[in-house]
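Asker: When you get a sec, could you give me coordinates for this:
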Amino acid sequence: MSHSMILAFAMFAFVASITPGPNNLLLLSAGVNHGFKSSVPLILGINIGFFVLLTAVGLGLSQIFTHLPSSFIFLKFAGATYLVYLAWSLTKSTAPAIHESATAKPPMSLMAAAAFQWVNPKAWVMAISAFSTYAPPSPSVFQVLGISFVFCIIGLPCITIWAATGTQLRRALKNATMLRAFNYCMALLLLASLHPILAS
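Answerer: Sure, this is the predicted structure:
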């Protein structure tokens, strides 16, 4: 990669990682409902899972969509189904009061967050765009790992900001009614994120 291409890729990774999407909405909700410390496994799971997905795409996994178009349709609807489930779970996660939120359903585990990347349509779009736009036509394993590593190094603080922001919002959500309203808003935003997925 040239210096200009590296800079362009870094900007792409930053914008793709910090903009709203299923991962970041889940992190914001986890920060509000459980605090930053309890959200760390979710942060790490997202980053690790996305690194594995990126690497797999860079090594040619995305070619399955070219040879088997129905697999992409399956991915879209599997992802949409799981996002609906996550939205429903958010509406059920409200604790009686914010200081008692530890009694609510815990945030997604590290392994579950990593596995979620494989049915997260935004993660697939980010991974495919990264390699189709910024990688050489036939990247080596070293190049694939390098691109995946740089993307995740840039992305880690970006997604962490969402959990940290949620943690700060805990102070404003003092009672169960406010927390319930927040969780319903997050559920609606998750459902809204389905539109570009199903429309594509």
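
Asker: so what's the residue nearest the centre of the chain up against?
Answerer: In the chain, the centroid-proximal residue (CA atoms, centre = their mean) is residue 23; its distance is 2.5 Å. Going by CB atoms under 8 Å, 6 or more residues apart in numbering, residue 23 touches 46, 116, 117, 120, 122, 123, 159. C-beta here means a position set from N, CA and C on the backbone, and glycine is covered the same way.

Asker: Just among those, which is most surrounded?
Answerer: Neighbour counts for those (other CB atoms under 10 Å) peak at residue 46, which has 31 neighbours.

Asker: What is the distance between the longest helix anywhere in the chain and the centre of its chain?
Answerer: When the chain is parsed with DSSP state H, its longest helix is helix 141-169. Helix 141-169 sits 10 Å away from the centroid of its parent chain (CA atoms, centre = their mean, to the nearest Å).

Asker: And for stretch 49-62?
Answerer: The answer for stretch 49-62 is 15 Å, by CA atoms, centre = their mean.

Asker: picking that back up, by contact count, what packs against the longest helix of the chain?
Answerer: With contacts taken as 3 or more CB pairs under 8 Å, 6 or more residues apart in numbering; DSSP states H and E, helix 141-169 sits against helix 3-18, helix 22-34, helix 36-58, helix 121-134.

Asker: average model confidence for that helix?
Answerer: For helix 141-169, the mean pLDDT works out to 94.

Asker: Just the angle for it relative to helix 121-134, thanks.
Answerer: Calculated by axes from the mean of the first three to the mean of the last three CA atoms, to 10 degrees, helix 141-169 forms an angle of 140 degrees with helix 121-134.

Asker: What's the first helix or strand after helix 141-169?
Answerer: helix 176-192 (DSSP states H and E).

Asker: Understood, closing this out.
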